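> Just to be clear, the model below is a prediction. Sequence and coordinates:
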Amino acid sequence: MWELNTSFDATRLDTLFYLLHGWDPQNTVLAMLGSPPSGFIQKVSYEWRRKVQRQHEYAQAWAKDLLAEAKSKRSEAQTRIWMELSERPKKGFEVGDAVWLYLGRVQPGLTKKFAHLWHGPFRITEVTNDYRFEVAEEDDLDAALLPEDVIEPDEDRDVYEVEAIQDIRWVKRTRTSRRLREYLVKWKGYSDPEWFPVSQLNCGALLYGFNKCARAQSRFRVMQSGDDPLSLALNRVSSKKE
């Protein structure tokens, strides 16, 4: 507040304190001086107060110079560092420099929030050109996170082949979700069948044949019951309304 009240206003050509009160403020040391003394004891006390004020003003001036000198040195240091960092990219990387690798692409399943995108630092061992560098391999880089450039099929991996489709059902994962169609699949070489959604099956010919037989069996059951499909559908609708 003292600095604000005693700061010079370039527009009004005076301090805010003077514009408000009509007189300039005094600090604590200056206020101790008071009026000139008349007696001997008062003169000694007055001289002591003047000495304190003089030392206080001297310390303020010294601190102001030290502050200006510190600001100048800090500005020069920051300018020198900025110039060094600005000139360094122009020269390019050299052998022995430590660099960080940015891996923006990682394998599916790892989001950018949890995956490490920056790896390193690595030491440059060879400079081929301005855009290609060889770095020393370190333990910090997890090679399992790197995307595969070329996907080679594994001949020894297990191949699952659908032998037959045995049944069909309609299921709902939640109360408000849509019904999903699942098939009871018998895998070749395995004894126990499993239920799989149609989106995970790639046996189009078997699906077509099973659906065709399922429709024929459904129509045959309707004919045996003595009701045509239209009347059966109407009966189902009326029973649901009841």
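Nice, I can see it. Everything numeric here is computed off the predicted structure, so don't read it as measured data.

> which other helices and strands contact the strand or helix carrying residue 59?
Using DSSP states H and E, residue 59 falls within helix 40-91. Here helix 40-91 touches helix 28-33, going by 3 or more C-beta pairs under 8 Å, 6 or more residues apart in numbering; DSSP states H and E. C-beta here means a position set from N, CA and C on the backbone, and glycine is covered the same way.

> Okay, now the unreliable bits of this structure?
Low-confidence segments of the chain, defined by pLDDT under 70: 1-10, 12, 23, 25-44, 46, 88-91, 104-116, 138-160, 226-242.

> Break down it into its strands, ranges please.
For the chain, strands defined by DSSP state E occupy the ranges 8-9, 14-15, 98-102, 118-129, 132-135, 162-171, 180-187, 194-197.

> Pick the most deeply packed of those strands.
Each of the strands of the chain was scored by mean neighbour count; the highest is strand 180-187, a mean of 17, by mean count of other C-beta atoms under 10 Å.

> May I see the domains of this structure written out as residue ranges?
Per automatic domain parsing, the domain ranges recorded for the chain read 17-84, 92-145, 162-241.

> In a markdown table, list the ones you listed along with distance to residue 11.
As requested, the domains of the chain are exported to a markdown table (distance: least, C-beta to C-beta, whole Å):
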| stretch | distance to residue 11 |
| --- | --- |
| domain 17-84 | 11 |
| domain 92-145 | 51 |
| domain 162-241 | 68 |
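
> Quick check: the spatially closest residue to residue 130 that is not a sequence neighbour vs residue 129, distance?
Excluding its sequence neighbours, the residue lying closest to residue 130 (C-beta to C-beta, 6 or more residues apart in numbering) is residue 92, at 5.9 Å. Separation of residue 92 from residue 129 (C-beta to C-beta, to the nearest Å): 10 Å.

> got a list of what the closest residue to residue 95 other than its chain neighbours touches?
In space, and not counting its chain neighbours, residue 95 is closest to residue 124: 5.4 Å by C-beta to C-beta, 6+ apart. The neighbours of residue 124, taking C-beta atoms under 8 Å, 6 or more residues apart in numbering as the test, are 93, 94, 95, 96, 97, 98, 99, 133, 134, 135.

> how near is the fourth one to residue 83?
From residue 96 over to residue 83 the distance is 22 Å, taken as C-beta to C-beta.

> now the fifth one
From residue 97 over to residue 83 the distance is 19 Å, taken as C-beta to C-beta.

> quick one, which of the two is more surrounded?
Legend: neighbour count by other C-beta atoms under 10 Å for residue 97 and residue 83, higher for residue 97 (15 against 10).

> okay but the more buried one is in contact with residue 125, surely?
No. Between residue 97 and residue 125 there is no contact under C-beta atoms under 8 Å: 10.4 Å.
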